[in-house]
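Engineer: This is the structure alone, sequence omitted:
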């Protein structure tokens, strides 16, 4: 039952397009309150996170029908660039998934750009498996601190809010860039 609860919580957090708590903080708090093994926590959480982001990207794929033709052309050019350098893109995604930077805007952009999501999500899953393992294995050192306060600060701090707003702005900017023109200039 604990596995299902954890899966549902992490899935819900990863379905949020913005302003959700960092998944690592949810997992660390959950690990303190349960006796689940680190391996089980990591695999359940990474599976739920990948599923949530996959579904979020699909939701943005549906929203893409309602954007302007210019925006559609811009994100199509970005997708073409991503697909030309697929190996490098997957490595970059894996490294991104290791970082604590919010991943929702990345999946939102992937959905809008109609990037093939299976490989994209698989790379994200692998990266999150590694990063969640690191977070959980080091979380024992914070058990003596006030985790609730750390969690609250991560969500409500000016930096946390600024990071979410910045990622939303970057997502909007991503759709406004004439990728075809900029990428053609780079290849010359």
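Structural biologist: Received it, and whenever you're ready, just let me know what you need. Please read all numbers here as calculations on a predicted model, not as lab measurements.
Engineer: what's the closest non-adjacent residue to the spatially most central residue of the chain?
Structural biologist: Compute the mean C-alpha point of the chain, and by CA atoms, centre = their mean the closest residue is residue 103, 2.2 Å away. Nearest non-adjacent residue to residue 103, counting by CB to CB, 6 or more residues apart in numbering: residue 53, 6.1 Å away. For the C-beta atoms, the positions are set from N, CA and C on the backbone; glycine is no exception.
Engineer: any idea how far residue 130 is from the residue nearest to the centre of the chain?
Structural biologist: Distance of residue 103 to residue 130, given as CB to CB, to the nearest Å: 14 Å.
Engineer: before we move on, what about residue 117?
Structural biologist: Between residue 117 and residue 130 the distance, using CB to CB, works out to 20 Å.
Engineer: any low-confidence regions in the chain?
Structural biologist: For the chain, the stretches with pLDDT under 70 are 82, 85-101, 140-155, 179, 182-188.
Engineer: again, only using 90
Structural biologist: Residues of the chain that meet the criterion pLDDT under 90 lie in 1-2, 18-22, 24-26, 28-38, 63-117, 119-120, 123-124, 126-127, 130-131, 133-188.
Engineer: Enumerate the positions of the longest helix belonging to it that are buried.
Structural biologist: For the chain, the helix reaching the highest residue count under DSSP state H is reported as helix 38-63. Neighbour counts over helix 38-63 (16 or more other CB atoms under 10 Å) mark 38, 41-57, 60-61 as buried.
Engineer: For the protein, which segments count as helices?
Structural biologist: If DSSP H is used as the criterion, the helices of the chain fall at 2-15, 23-33, 38-63, 69-84, 86-98, 104-113, 117-138, 147-156, 158-176, 179-187.
Engineer: Which strands or helices does the fourth one pack on?
Structural biologist: Spelled out, it's helix 69-84. Using 3 or more CB pairs under 8 Å, 6 or more residues apart in numbering; DSSP states H and E as the contact definition, the elements that helix 69-84 packs against are helix 104-113, helix 158-176, helix 179-187.
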